[in-house]
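Peer 1: Got a sequence here, can you build the structure:
(one chain, ligands or ions: 1)
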Amino acid sequence: MRASGRAMGVEYAIREIVAPADELERQGKRIIRMNIGDPNKWDFETPEYFKAALREAVDKVDNGYGDSQGSLELRQAIVDREREKHGVKITAEKVFVTSGVSEAANILMGTFLEPGDEMLVPGPGYPSYTQYIRYFEGVPVPYRQMEEEDWQPDIDMIRKRITKRTKGIIVINPNNPTGAVYPERSIREIGNIAAEYGIPLISDEVYDKITFDTNYFSASRLPSDVSRIILNGFSKVNLMPGWRVGYGYYMDESGMLDEIFDGMMRQLRMRICSNVPCQWAAKASLQGPQDYIVEMNRKLKERASFTYDRLNEIPGISVERAKGSMFMFPKVELTGWDNDKDFVLDLLKTEGVLFVNGSGFCSEFGQSHFRTITLPPLPVLEEAYGKLETFMKKRRSE
Ligand SMILES: Cc1ncc(COP(=O)(O)O)c(C=O)c1O
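Peer 2: Residues are numbered from 1 along each chain as shown. Reported below is the predicted structural model:
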């Protein structure tokens, strides 16, 4: 039986590249997996009190279904935490809880888009958005992230690429895959464009507390004439990616998003609710000590800095410094490969190091790059980049 074109059109590079790695592993090859932004796969542990809260939850909650919009207690805790982090004043009615930011992306794209509608997405950018846009027969329209300017968004391109069919501007800040943290000026300029054209801003801030020596400006701080939806979750900063909890909230004085909220709520009800005990634990993670984040950032900063120095030593590779998140997006001179996917697969087969090809993050602005993660401890990074260096020297001398 044929699967739908919609399903067969889905391509999520971060996990698709895993199939050839698994095959090589079955044949006995050791693989260093530098493809997934999962802190718990490395030396980042879910804090003990989050785990205790999850154990306790199973005894305390009735283990039945929960509120489709998310438990009121969790939504209230989100309101309090957002105020503490970004000074934003919202109420629990504006907050919705999902099974990860991924589900929020799915539901939002399904709400905003009719076939042929356009969504501006950062290029390169986290591929889930592009995929959900296509899944709902919309058109992802990338705007360039400028490598030569610390991967800042090309504001002129955002303006130029707005059409009558543009339904929103997606921003990912701090950014996956580039590691950029946008300056306040860029967020304000994008906010101004959104307000001028009467389109909403959708800001993915899942890495908001993972920044190094730089100020973070959340889109929630923009003036009230910018209608926006802010997305965040518990997979990265809160070190519970497997528990699948995310959230969003909307800020919309104009009423432009009233029907969007209604459409979104219909889908939230259709899928019943997000995991109830995990929501309980997520609430506890917002209310207890946050000092583990300092240590997490110390490690990530050190590893990002090592990655920057080490990769820039390798012939044919260059990379910009990361200011946040857990990723960097090096450029590779494609001497001897047809494209960046060929490069990534050749490196995987030859040296057993798995990166994700840059084109998987944007076919227009991600070519000739790959994404690396800054999560592994220094000896693992040294081994992976050492193998990359050997590989590059060998291929360049052939
Ligand atoms: C920018 C961004 N948004 C969303 C996600 C997915 O988050 P979640 O685990 O909450 O679905 C990721 C995961 O890597 C991400 O990098």
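
Peer 1: Pop out the phi and psi values for Val237.
Peer 2: phi -60, psi -40 (degrees, to the nearest 10).

Peer 1: How about it, nearest residue that isn't a chain neighbour?
Peer 2: Lys209 (4.5 Å; CB to CB, 6 or more residues apart in numbering). From N, CA and C alone the C-beta is placed, and that goes for glycine too.

Peer 1: Mind listing what's buried along stretch 108-116?
Peer 2: 108-113 (16 or more other CB atoms under 10 Å).

Peer 1: For it, give me every contacting residue.
Peer 2: Here stretch 108-116 makes contact (CB atoms under 8 Å, 6 or more residues apart in numbering) with 119, 129, 132-133, 135-139, 165, 167-168, 202, 229, 248, 260, 263-264, 267.

Peer 1: returning to what we had before: show me which of the buried residues of stretch 108-116 is closest to Leu345.
Peer 2: Lowest distance from Leu345 to the buried residues of stretch 108-116 (CB to CB) belongs to Met109, with 29.7 Å.

Peer 1: what does this structure have sitting close to the ligand?
Peer 2: Within reach of the ligand by CB under 6 Å from any ligand atom, the chain has these residues: 37, 100-102, 126, 172, 176, 204, 206, 233, 235, 241, 246.

Peer 1: so where is the chain shaky, pLDDT-wise?
Peer 2: Within the chain, no range satisfies pLDDT under 70.

Peer 1: Next up, the contacts around the closest residue to the ligand within it.
Peer 2: Nearest residue of the chain to the ligand: Gly100, at 2.6 Å (CB to the nearest ligand atom). The neighbours of Gly100, taking CB under 8 Å, 6+ apart as the test, are 233, 235, 241, 244-246.

Peer 1: Count the neighbours of the nearest residue to it once chain neighbours are set aside for me.
Peer 2: The shortest distance from Gly100 to any non-neighbouring residue, by CB to CB, 6+ apart, is to Gly246 (4.3 Å). Neighbourhood size, Gly246 [other CB atoms under 10 Å]: 24.

Peer 1: do the one 10 residues further on as well
Peer 2: Met256 is flanked by 13 other residues according to other CB under 10 Å.

Peer 1: Look at it and give its secondary structure.
Peer 2: Assigned by DSSP: H, G, I helix; E, B strand; the rest coil, the conformation of Met256 is coil.

Peer 1: measure it to Tyr197 for me?
Peer 2: Per CB to CB, to the nearest Å, Met256 is found 11 Å from Tyr197.

Peer 1: what's the answer for Glu148, then?
Peer 2: Distance, Glu148 to Tyr197, using CB to CB: 27 Å.

Peer 1: For these two, indicate the residue with more neighbours.
Peer 2: Tyr197 (14 against 7).

Peer 1: Give me the spatial nearest neighbour of the more buried one, chain neighbours excluded.
Peer 2: Ile162 (5.5 Å).

Peer 1: thinking the one you found is in contact with Ala194, fair?
Peer 2: No. Proximity of Ile162 to Ala194 does not meet the contact threshold set by CB atoms under 8 Å, at 9.4 Å.
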